[in-house]
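Asker: following is a predicted model, sequence given first.
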Amino acid sequence: MVKKLLYNLTEMMEKNLKNLESLNKPALVIDYNHKILFANQILSIFLNKPLEKIIGEYCYNAITCDLCFKECPFLKVFEHNDSFEKKNINIYEESGHTKLINYTIEPYEFDNTRGALITITPLENSIINLKEPSPILSEDIKVTEFYEKAFDMLDEGIIFVDKNFKIFKCNTFMENLTGFTKADLIGNPCPKICHIPEGYRCPFDYCYKKNKSSEELFSVISRKKAIPILVKAQLKIFKDAFNNFLGGIATIKKVLDFDRLKKEYPLDDIITESTSMKEAISLLAIAGISKKHFLITGEPGVGKKFFASKLKLFHTNEDVPYYTLNTKGLTDEQIEKELFGFEKDAFFGAFDTKKGLLEKSNKGILVIYDITDLSPYLQKKLYNTLNNGKLFRLGGNEPITISVQLVAITSNDLKHLLEKKLFDKDLYEMLSSITIKIPPLSERKEDLKPLIELFLNSFKEGSKQKHLSQISESALNILSQYTWGGNVLELKNVIEHIYFVTPSTKREITPNMLPQFIREAVTHNLKTKSTQEERDQIVKVLRQTNLDRSEAAKILGYSRITLWRKIKQYNITIEELVNY
């Protein structure tokens, strides 16, 4: 239904552009070179050809008739600005059959382009079997009202743009998606809300420059009071015979599921069933497509650097420059040299000019880990360089133009550092527009089994004689109760240890093969959990019985002596029991 409605909406747009659909006969517009600029649906039916095989063709190929080549009236009409009519002429079909028509041609002008309008009147009524128009949709005003209502009922966004890429029509779904009203959206350029890889103003500009009349692609939509959102846009653009952009229409769907992204991008080595992890991957796609600077946070060992490496997948250029800077153990002076580079003789020991990572990363990606290792001075210098797009090497006076997407990684709380004035406010605002928090393994226990199997298979590639490829449910149950302070990295190390110390005949990880420290930690955690649950139960029953120890002991199944001992053991006070 949506496709059918969009087809009709597209027809309406063409009707507004060339005003042919109002004619109740086959019609087309040609330019000075005899190329067909526009044609109506009735002509498509009459010729038994889709419009896309008519528009753009030379008129004498699409509708070859008796007038072609010998008596073509086009030049006479064009030069004298006069109309011409000829009755009882033949049109020759590709099959060899002919159709008898009356032929009219008259001057026509559209968007400062001069041409001619040709209308055809078939003399055999059976040729075009058109149904009587519906009385509801027979008047243009009623057609418009009908489509206006249908337009706003769709569960996907629709926008129309003009030849300047300005939005002149959108539906209610776009209001809900972006948070902007129709009044906010209409009249604004599409590039203001719709982002696409560098080098193109918006998805319509991408289609136009790539010479694609229609396309389906991922894009990023800006929102009024929320982070941008990843969408899939299906586009159709319109051009005249001189290849000038006339306008376009796009349908927009939210991309919510990780599975849809996996179909489009090679993400097979990201194993997850976690909702929060899937949301993080969607944000990464948004960052990649929009080319915005962004922040990746998370506990040590969650895979932040691995996650950042996947950003390249969402760039149109597969060979996009990608550089990383690990600041661990580096002084502020060393970090500055690595980032900005230096000129020859800029300081003692600078025997040659050296490009910095910012310069090397031009039109690409630079990952800094950990961004909080930069001093306030370097943070401000980095912000100014990225914001202005101008780089100065150490010892240099000539600005170097750069365009770099910065990925900042940290395990620290930037908000807390900002409050303590230990992090630059401008740089924070630049990075935090998209913040991706990688969830710890303790919050994605559903990923344990697939991750373990992934690691086992990867180890197996380097040791073919091993058969260990899965984990028993009992062993998995123990691992799922472990806290995994080192996250995915710790899990990988544990599985790697088990794999290489286990005899080659074993096929499955069992509880006795797990490291002793994990089994002891899980046992301790279970005891602690059990103790806390028992304490909570005693407090609850004592409150329910108004501190009647005899009654509470009966309910709990203890003797009075045992209850008294446990109250002492758990340090349960009168104040705690009364003040709640």
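Answerer: Ah, there it is. Numbers count the residues shown, from 1 in each chain.

Asker: residue 489 contacts residue 305, doesn't it?
Answerer: No: at 10.4 Å, residue 489 does not count as touching residue 305 under the criterion of Cβ atoms under 8 Å. For glycine as for every other residue, the C-beta is placed from the backbone atoms N, C-alpha and C.

Asker: the stretch 151-300 of the chain: strands as residue ranges?
Answerer: In order along the chain, the stretch 151-300 of the chain carries the following strands (DSSP state E, counting those that start in this stretch): 157-161, 167-170, 194-195, 214-221, 229-239, 245-254, 294-297.

Asker: could those strands go into a markdown table alongside mean pLDDT, distance to residue 430 and mean neighbour count?
Answerer: As requested, these are arranged in a markdown table below (pLDDT from 0 to 100; distance: least, Cβ to Cβ, whole Å; neighbours: other Cβ atoms under 10 Å):
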| stretch | mean pLDDT | distance to residue 430 | mean neighbour count |
| --- | --- | --- | --- |
| strand 157-161 | 87 | 28 | 23 |
| strand 167-170 | 85 | 27 | 20 |
| strand 194-195 | 78 | 16 | 24 |
| strand 214-221 | 82 | 17 | 19 |
| strand 229-239 | 84 | 20 | 21 |
| strand 245-254 | 84 | 26 | 22 |
| strand 294-297 | 94 | 9 | 24 |
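
Asker: can I get the ones you listed in TSV including distance to residue 262?
Answerer: As requested, these are exported to TSV (distance: least, Cβ to Cβ, whole Å):
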stretch	distance to residue 262
strand 157-161	23
strand 167-170	30
strand 194-195	22
strand 214-221	13
strand 229-239	13
strand 245-254	17
strand 294-297	20
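
Asker: for residue 185, which of those is the nearest?
Answerer: Among those, the nearest to residue 185 by Cβ to Cβ is strand 167-170 (5.2 Å).

Asker: elements contacting that closest one?
Answerer: Counting contacts by 3 or more Cβ pairs under 8 Å, 6 or more residues apart in numbering; DSSP states H and E, the secondary-structure elements packed against strand 167-170 are strand 157-161, helix 182-185.

Asker: so residue 120 sits in a strand?
Answerer: Yes: using DSSP: H, G, I helix; E, B strand; the rest coil, the secondary structure at residue 120 is a strand.

Asker: now for the longest helix along the chain, which elements pack on it?
Answerer: Secondary structure of the chain per DSSP state H: the longest helix is helix 516-544. The helices and strands touching helix 516-544, judged by 3+ Cβ pairs under 8 Å, 6+ apart, are helix 473-480, helix 549-556, helix 560-569, helix 574-578.

Asker: reformat those helices as a markdown table; add mean pLDDT.
Answerer: Putting the helices and strands packed on helix 516-544 into a markdown table (pLDDT from 0 to 100) gives the following:
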| stretch | mean pLDDT |
| --- | --- |
| helix 473-480 | 87 |
| helix 549-556 | 81 |
| helix 560-569 | 83 |
| helix 574-578 | 80 |
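
Asker: enumerate every residue touching the residue nearest to residue 235 when sequence neighbours are not counted.
Answerer: Counting by Cβ to Cβ, 6 or more residues apart in numbering, the nearest residue to residue 235 once its immediate chain neighbours are dropped is residue 250, at 4.7 Å. With Cβ atoms under 8 Å, 6 or more residues apart in numbering as the criterion, the residues that contact residue 250 are 157-159, 161, 203-204, 233-236.

Asker: where do the strands sit along the stretch 401-550 of the chain?
Answerer: Counting by DSSP E, counting those that start in this stretch, the stretch 401-550 of the chain forms strands over residues 404-410, 435-437, 470-471, 508-509, given from the N-terminal end onward.

Asker: next one: the third one to chain centre, how far?
Answerer: How far strand 470-471 lies from its chain's middle: 35 Å, per Cα atoms, centre = their mean, to the nearest Å.

Asker: just checking: what are the partner strands of that strand?
Answerer: Using DSSP bridges, the strands paired with strand 470-471 in its sheet are strand 508-509 (parallel).

Asker: how about TSV for the strands of the stretch 401-550 of the chain, with mean neighbour count added?
Answerer: As requested, these are arranged in TSV below (neighbours: other Cβ atoms under 10 Å):
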stretch	mean neighbour count
strand 404-410	24
strand 435-437	18
strand 470-471	19
strand 508-509	19
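
Asker: mind listing what the residue positioned nearest the centre of the chain touches?
Answerer: Central residue of the chain (Cα atoms, centre = their mean): residue 230, 3.2 Å from the mean position. Residue 230 makes contacts with 218-220, 254-255, 282, 285-286, 289, as judged by Cβ under 8 Å, 6+ apart.

Asker: if we use 7 Å, what do you get?
Answerer: Taking Cβ atoms under 7 Å, 6 or more residues apart in numbering, we find residue 230 in contact with 218, 220, 255, 282, 285-286.
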